[in-house]
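Novice: let's see this in three dimensions:
(one chain, ligands or ions: 2)
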Amino acid sequence: MASGGGNNRNGTHRNSLKGTTTTSTASTDKPLSVNSNPSKPAFKNKSSPLTGASSGLRKSSPGSLGGGAAKDDAGERVYLKAVTFRWQNLKRPMVPGRVRVAVRLRPRNAEESVADADFADCVELQPELKRLKLRKNNWDTDTYEFDEVLTEFASQKRVYEVAAKPVVEGVLDGYNGTIMAYGQTGTGKTYTLGRLGEEDTANRGIMVRAMEDILAEVSPEIDSVLVSYLQLYMESLQDLLDPTNDNISIVEEPKSGDVSLPGATLVEIRDQQSFLELLRLGEAHRHAANTKLNTESSRSHALLMVHVKRTVKGREPAHSSDNGNSTSMARSLRPPLVRKGKLVVVDLAGSERIDKSGSDGHTREEAKSINLSLSALGKCINALAENSAHVPVRDSKLTRLLRDSFGGTARTSLVITVGPSPRHRGETASTIMFGQRAMKVENMLKLKEEFDYKSLARRLDIQLDKLIMEHERKQKAFEVEIERITAEAQNRISEAERNYADAVEKERLKYQKDYMESIKKLEEKWMMNQQNQGNERKEQMVHIAEEVAEVKKLLSKETSLRKAAEEEVDNLKSRLAQLKMSEASANSEILKLRKMVEDEVCQKEKLEGEISMLQSQLLHISFEADETRKRLDRGGPGKVPGGLDSPVSQVRSQLKDSGNREKASVAKLFEQVGLQKILSLLEAEDADVRIHAVKVVANLAAEETNQQKIVEAGGLKSLLMLLGSSEDETIHRVAAGAIANLAMNEKNQELIMSQGGINLLSTTASHAKDPQTLRMVAGAIANLCGNDKLQTKLRGEGGIKALLEIVKCGHPDVLAQVARGIANFAKCESRASTQGSKTGRSLLIEDGALPWIVQNANSDASPIRRHIELALCHLAQHEVNAKDMISEGALWELVRISQDCPREDIRTLAHRTLASSPDFIAGLKQLRIDY
Ligand code: ADP
Ligand code: MG
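Specialist: Residues are numbered from 1 along each chain as shown. Ligands and ions are numbered 1, 2, ... in the order given. As a prediction, the model looks like this:
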């Protein structure tokens, strides 16, 4: 026993089991992996929260090792922790999980039943406690706990379900998975893994059952299952599917740590039968190779590798517990996912010491080499179990091969097989210790998902460029504005300062002058006083007193002047202060503008998000709409009851036929997004977006309830503008269809006409290559033709000429629309003539429509014929048209209509018209038609 009985006692073991679980959660921020370099993080810090959340995909299964709800809970807990701690640091989501170890006891075989008849088995199992007791002697046992304890009665099905199924499910979900069997030769490794179960399907082993589960899950058209089957013997790797290939090299991807065998044969598996054949073939080759090498299969390791590649379709790459619009928007932006998982099933060489069995003539060197891989595996497991910084994976081929599986980034399950015989107690004990150590090894599961980021990145780049440009433009305008305000404020300040200085200087000069003058006057007077001193002294005294009074007056005047000057100075000062204040307010305005620019940037970011959402929703909906249209097209052109085969009724019936799905989603979009936003996308720069937007608007316009809203929101104007501005025929077609729908309404007809509709529609028609475009344009004009008030204007703008141009295309659907237009026009004209508001020949005849009318009056296509018959009857009502009609051959057609037309009202109308018109009666006589 390797590590002292005392430590392996019952209680201690429960602790050690607990300890393992604790380690697995507590050490989540220090992933343990074979290739991890503790000083360097394994992945660059580049992840997004989206990918981080994807790790929630991990499915817990009822049959997993450790069993039941408790395990599921534990799994969930581990997952949550992993997300909290890791998503910032990891490129791929990883979930820690311990290597799951099951022990399986082989029943006594015939020899043991006889030879050991008097001895108790060396092991005793307590499956309900998941414990194994290893007998030391008659009075002492050691107890060990495992994830699963499988007695000699355990069925192959149960073994598969507890030891392998969770790993296989992981592989289907995009994780790597490894299932290994370890144990002494003859204890049932091959029985557990490799039984084909041909004689009894209940005996099928893990390999066969795993493939059954995989094949049941994958879709053959989009997924692939590729298998290699190899043998590792004396450190050389042989291809069991191609025996000539006996030195396959192992290639390790330095970045991801993934291991691959480019030299190994890969066979695509499509059904279970071919897989069984492959296993049989591999087994035969293994047998032949071992005979050649003079060894037994128990000395070599057999490795089955299954590469599963699945496309995740219509499913979320991450758990979909989150809700909210932004998340669903972000989700719909994601490209499709491909999940790759690799399942490795390893039937290890017998764990017994070769030097002990020693009988086969190998040298010690050879013996070492034979078991090198197995002992290296043991060392790696020890290193991993002890959390050692160095794991010697490079020591052997087996450990290099399992580098990305065992103790690495995969779910791993180990079945250790033991026999009951007390004679092999030593081997059994060492097998159990191997299993115990393996239970401490922690794996980091890595989900291998790949996004098609390129297209997404391109789209986002374009949007980002646009936003940056817009931002720069605003920034520039803002800077110019600031400069202007600053310069203006500066000017005003310097002007005020100048004014102030001027005024002060002026005042100073004035005072100086006044002062000098006063002094001068006083001096003069004083001189005079001196001269006239004697006799006039008294008088002078009086005079001086007067002078003094005057000087005093002057002085007071000066004082008041000075006061006024001071006031002026104060005034100027306050103006200066005011100017300073206005400068401050300019500054605050600058701050406000800066804030507005920031808000603008924020708003733009929000809009960007909305645009992305709208684009994806539009893509989705237009895709559905296209699908529906395709479906309908395949079903052939349906006849619409009521006889009016206008595009409107066709679109309407398409919408009806397409079921509730499309309708519901368009309506939902309408509600969620708002018409204004949808219409704004008609002017989007991205051509794809424009196409989708116009399709959505067309779908909405097909519903009468939406038409008013679309026109009010300016949709009609936008659609007409699109006809002029776009060069894309799809846009022309869809926009014309939408306009045709809106042109059902009299008010809209006036709007279309007033916005140059006829001109736009006929230009569209002249560029159209697709008859469906022409059909839509003709349908729109046909609707306009039915408006009594617009007759003259429509003809003046070339509406009739446009219809006559369109007929050149010859397509019956298009001709039917033109015929409908002409019938509408003729009907309105006839009404106007009857009311007296119109005189003279029909504008249809004026514009040269009669030859075409006559030519198509007996068309094979009933919609065309019906409209034209009606048109002819309307034209014939008025005598002014009779001469032209006779000379163009319309008389024949009228006669035919009066006799053959299936509609009785038209027949009667034609008959009455012919009988009441003198010109027609004369014409009939001339043609010698008895009528
Ligand atoms: P090893 O894994 O060492 O190659 P094997 O799978 O070849 O062992 O098993 C040795 C023998 O024991 C085989 O004859 C096998 O059929 C039989 N055996 C092994 N495990 C069981 C079991 N669980 N039930 C019945 N027979 C078994
Ligand atoms: Mg075997």
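Novice: residues of this protein that sit close to ligand 2?
Specialist: The chain has residues 189, 190 near ligand 2, with proximity defined as C-beta under 5 Å from the ion. No exception for glycine: its C-beta is placed from N, CA and C like everyone else's.
Novice: my guess is residue 243 is in a strand, correct?
Specialist: No - looking at residue 243 with DSSP: H, G, I helix; E, B strand; the rest coil, it is coil, so not inside a strand.
Novice: pLDDT at it, what is it?
Specialist: Looking at residue 243, its pLDDT is 91.
Novice: which residue is the nearest non-sequential neighbour of it?
Specialist: Distances taken as C-beta to C-beta, 6 or more residues apart in numbering place residue 285 nearest to residue 243, at 4.8 Å, with adjacent residues excluded.
Novice: neighbours around that neighbour, how many?
Specialist: 18 (other C-beta atoms under 10 Å).
Novice: could you check the helix or strand where it lies and say which residues are buried?
Specialist: Using DSSP states H and E, residue 285 sits within helix 272-293. Under the neighbour-count criterion of 16 or more other C-beta atoms under 10 Å, helix 272-293 has 275, 276, 278, 279, 281, 282, 283, 285, 286, 289, 290 buried.
Novice: tell me how many other residues surround the closest residue to the second one other than its chain neighbours.
Specialist: This means residue 276. Nearest residue to residue 276 in three dimensions, chain neighbours excluded: residue 196, at 5.9 Å (C-beta to C-beta, 6+ apart). Neighbourhood size, residue 196 [other C-beta under 10 Å]: 16.
Novice: and residue 196, that's in a helix?
Specialist: No - applying three-state DSSP, one finds residue 196 to be coil, outside a helix.
Novice: contacting residues for it?
Specialist: By C-beta atoms under 8 Å, 6 or more residues apart in numbering, residue 196 lies in contact with 204, 205, 208, 276, 279, 280.
Novice: and for residue 197?
Specialist: 156, 203, 204, 205, 208.
Novice: same check on residue 761?
Specialist: Shown in contact with residue 761 (C-beta under 8 Å, 6+ apart): 723, 736, 739, 777, 780, 781, 802.
Novice: can you check the pLDDT for the residue nearest to the fifth one when sequence neighbours are not counted?
Specialist: Think residue 780. Once flanking residues are discounted, residue 780 sits nearest to residue 740: 3.9 Å by C-beta to C-beta, 6+ apart. The model reports residue 740 with a pLDDT of 93.
Novice: quick check: residue 740 touching residue 776?
Specialist: Yes - Residue 740 is in contact with residue 776 according to C-beta atoms under 8 Å; the separation is 5.5 Å.
Novice: A strand includes residue 97, no?
Specialist: Yes - assessed with three-state DSSP, residue 97 lies in a strand.
Novice: that one reaches residue 442, doesn't it?
Specialist: Yes - when contacts are counted by C-beta under 8 Å, residue 97 is listed as touching residue 442 (7.4 Å).
Novice: which of these two has more neighbours?
Specialist: Just comparing residue 97 and residue 442: by other C-beta under 10 Å the higher neighbour count belongs to residue 97, 25 against 22.
Novice: beta partners for the more buried one?
Specialist: Judged by DSSP bridges, the bridge partners of residue 97 are residue 443.
Novice: residue ranges for the helices of the stretch 651-800 of the chain, please.
Specialist: Per DSSP state H, counting those that start in this stretch, the stretch 651-800 of the chain carries helices over the ranges 659-673, 675-680, 687-701, 704-712, 715-725, 729-742, 746-754, 757-767, 771-785, 791-796, 799-806.
Novice: ligand 1: which of the ones you listed is closest?
Specialist: Of all those, helix 659-673 sits nearest to ligand 1, with 54.3 Å by C-beta to the nearest ligand atom.
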